[in-house]
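> Here's a sequence, model it:
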Amino acid sequence: MAGDEAARACPISPVVDLVFSRWSTPILWVLKEHGRQRFVQIQRRLPPITPKVLTQRLRQLERDGLITRTHHAEIPPRVEYEISDLGRTLSPVFTALTEWSDTHLAGVEQARRAYDRADRPMP
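All right, here's what the predicted structure looks like:
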């Protein structure tokens, strides 16, 4: 299915691809919760992420307008990232997902355990 067809079939698909691709949500969450951060600070808050992947995701999020990158011409150079005004508009989405998780994640875990006890093949 081509991109336009996929968007018509499910109009939120482009948003899901944009915001919920691997590492995008955790990076946005870190910047939303902790404010302006340097690369190393973000990496420390997301320990399994590699520098290469973090660089790629930060560039993509900057390209998408969800974060801003500020380069300070100092010695040594300093670069900081922060969530943009556009990125902050996702706060209600994150709040809704947090509330859903608090309310329903235990039910998801319960369903998984029941499924696994039924000895069905893993998806």
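> Please count neighbours and contacts with C-alpha atoms only from this point.
Fine.
> Listing partners with orientation, what would you give for the helix or strand where E82 lies?
Taking DSSP states H and E as the criterion, E82 maps to strand 78-83. Looking at strand 78-83 with DSSP bridges, its partner strands are strand 37-38 (antiparallel), strand 67-72 (antiparallel).
> Can I get those strands in TSV including mean pLDDT and mean neighbour count?
Shown next, in TSV, are the strands paired with strand 78-83 (pLDDT from 0 to 100; neighbours: other CA atoms under 10 Å):
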stretch	mean pLDDT	mean neighbour count
strand 37-38	96	16
strand 67-72	96	16
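> Serialize those to TSV and add fields for distance to Q56.
Listed next are the strands paired with strand 78-83 as TSV, based on distance: least, CA to CA, whole Å:
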stretch	distance to Q56
strand 37-38	15
strand 67-72	13
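> T95 is nearest to which of these?
Smallest distance to T95 across the strands paired with strand 78-83 (CA to CA): 18.5 Å, for strand 67-72.
> Name the residues that touch that closest one?
Here strand 67-72 makes contact (CA atoms under 8 Å, 6 or more residues apart in numbering) with 28, 58, 61-62, 77-84, 86-87.
> Narrow those to those that are buried.
28, 58, 61-62, 80-84, 87 (16 or more other CA atoms under 10 Å).
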